[in-house]
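A.B. asks: no sequence on hand, only this structure:
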DNA sequence: AATAATTATTAGTCTTACCTAACATTTATT
DNA sequence: AATAAATGTTAGGTAAGACTAATAATTATT
């Protein structure tokens, strides 16, 4: 196995959401995450407690929460995967953007970094070709 | 949501394995599946019982088991996804084949049929271009 | 045919990740 | 400052999907 999953898909979703929310809110609250992920506040609470325990988030009782540097890095990894997947699906394959988004939300948690790196490489070459030749592939 | 998952990823894995095993063995036994999936026989038993209940497999106590037509169709859907994913990863992206296989094993359960269809379309065009132009993309 | 070996089943347990409902704390409103 | 509203926490429960260990049934071997 090459895909050692350190943080579960579920926790990755929480991290990613916290990252996104922190980008306009600064203060991220349990309720915001619950709303965003369509999940009970108590579920968020337990997830955040776990993330705190493994040092990916800092959270004090009744207070707001923040990603640690390590948590931020982990969140970015997931979000970057999401973004290249969506770009590839929509711009290269021509998949409808809602479907692309849904698929990316699931695939981002299981695809290896190796494959993602190759996909990025490919995508960059592809875009270059497109802008030159205007070719169909 | 577009990805209505009727059969869980876990059950899809069982179906796929049963399909593969039935292709040289004809008689598929619980133990074979357990060995193949690296899982306890009791886990296979409960999964098979579920698949039987929803009409994807026929299984009688202490006997061998078989896919129903419906089960076979479901299994093929998953395996076809696996195959195009591996081909794309290895032949287009140049991913190492073990990594490609591992990634495909996880992605096959969550990627939509829409995206797979577009990927197949793309792959066919790509192969055609390659054989003509011998181009790098 | 009797016994050993293999295979299948059952019962009970564990973990993950969700839930609801009750309660506690903080923040906002009058 | 008192009370209402919002937010956070805790306790207890559920379902999926795995596990081990014990038992039952089948198949092979002597």
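C.D. replies: The structure has been received and is ready for your questions. Since this is a predicted model, take the numbers as computed values, not measurements. Numbering: from 1, shown residues only, chains lettered A, B, ... in the order given.

A.B. asks: quick one: buried residues of the lengthiest helix in chain A?
C.D. replies: Here the longest helix in chain A is taken by residue count, with DSSP state H as the criterion, and it is helix A:113-133. Within helix A:113-133, the residues that count as buried by 16 or more other C-beta atoms under 10 Å in any protein chain shown are A:114-116, A:118-120, A:122-123. The way it works is simple: take the backbone N, C-alpha and C, and place the C-beta from them, glycine included.

A.B. asks: residue A:59 bridge partners, please.
C.D. replies: Residue A:59 has the following beta-bridge partners by DSSP bridges: residue A:65.

A.B. asks: so who does it touch?
C.D. replies: A:48-49, A:51-52, A:65-66 (C-beta atoms under 8 Å, 6 or more residues apart in numbering or on different chains).

A.B. asks: got it, and residue A:56?
C.D. replies: Contacts of residue A:56 (C-beta under 8 Å, 6+ apart): A:7, A:11, A:15, A:67-68, A:70-71, A:74.

A.B. asks: just the buried members of those?
C.D. replies: Members of these that pass the buried threshold by neighbour count (16+ other C-beta under 10 Å) are listed as A:7, A:11, A:15, A:67, A:71, A:74.

A.B. asks: out of the residues you listed, who's nearest chain B?
C.D. replies: Relative to chain B, the closest of the buried ones among the contacts of residue A:56 is residue A:7; by C-beta to the nearest C-beta it sits at 15.3 Å.

A.B. asks: any idea of the pLDDT on the closest residue to that closest one other than its chain neighbours?
C.D. replies: Excluding its sequence neighbours, the residue lying closest to residue A:7 (C-beta to C-beta, 6 or more residues apart in numbering or on different chains) is residue A:74, at 6.1 Å. Model confidence at residue A:74, expressed as pLDDT, equals 97.

A.B. asks: let's have the contacts of residue A:56 in TSV, adding distance to residue A:108.
C.D. replies: Listed next are the contacts of residue A:56 as TSV, based on distance: C-beta to C-beta, whole Å:
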residue	distance to residue A:108
A:7	12
A:11	13
A:15	11
A:67	17
A:68	21
A:70	19
A:71	16
A:74	12
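
A.B. asks: got the residues of chain A near chain B?
C.D. replies: The interface of chain A toward chain B, taken as C-beta under 8 Å from any C-beta of the partner chain, is made up of A:1-3, A:89, A:92-96, A:98-100, A:102-103, A:106-107, A:110-112, A:114-115, A:118-119, A:121-122, A:125-126, A:129, A:136-137.

A.B. asks: whichever of those residues end up buried, select them in PyMOL.
C.D. replies: The following PyMOL selection, which keeps only the buried ones among these, applies the criterion 16+ other C-beta under 10 Å:
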select buried, chain A and resi 3+89+92+93+95+99+100+102+103+106+107+110+111+112+114+115+118+119+122+137
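
A.B. asks: against residue B:120, how distant is residue A:131?
C.D. replies: Between residue A:131 and residue B:120 the distance, using C-beta to C-beta, to the nearest Å, works out to 26 Å.

A.B. asks: oh, I was asking about residue A:32
C.D. replies: When distances are taken as C-beta to C-beta, residue A:32 and residue B:120 turn out to be 40 Å apart.

A.B. asks: residue A:102 now?
C.D. replies: Residue A:102 sits at a distance of 19 Å from residue B:120 (criterion: C-beta to C-beta).

A.B. asks: and residue A:94, its phi and psi?
C.D. replies: Comment: the main-chain dihedrals of residue A:94 come out as phi 80, psi 30, following degrees, to the nearest 10.

A.B. asks: buried residues in the helix or strand encompassing residue A:17?
C.D. replies: For residue A:17, the element it lies in under DSSP states H and E is helix A:9-25. Residues of helix A:9-25 classed as buried: A:11-22 (neighbour count, 16+ other C-beta under 10 Å).

A.B. asks: thanks a lot, see you next time.
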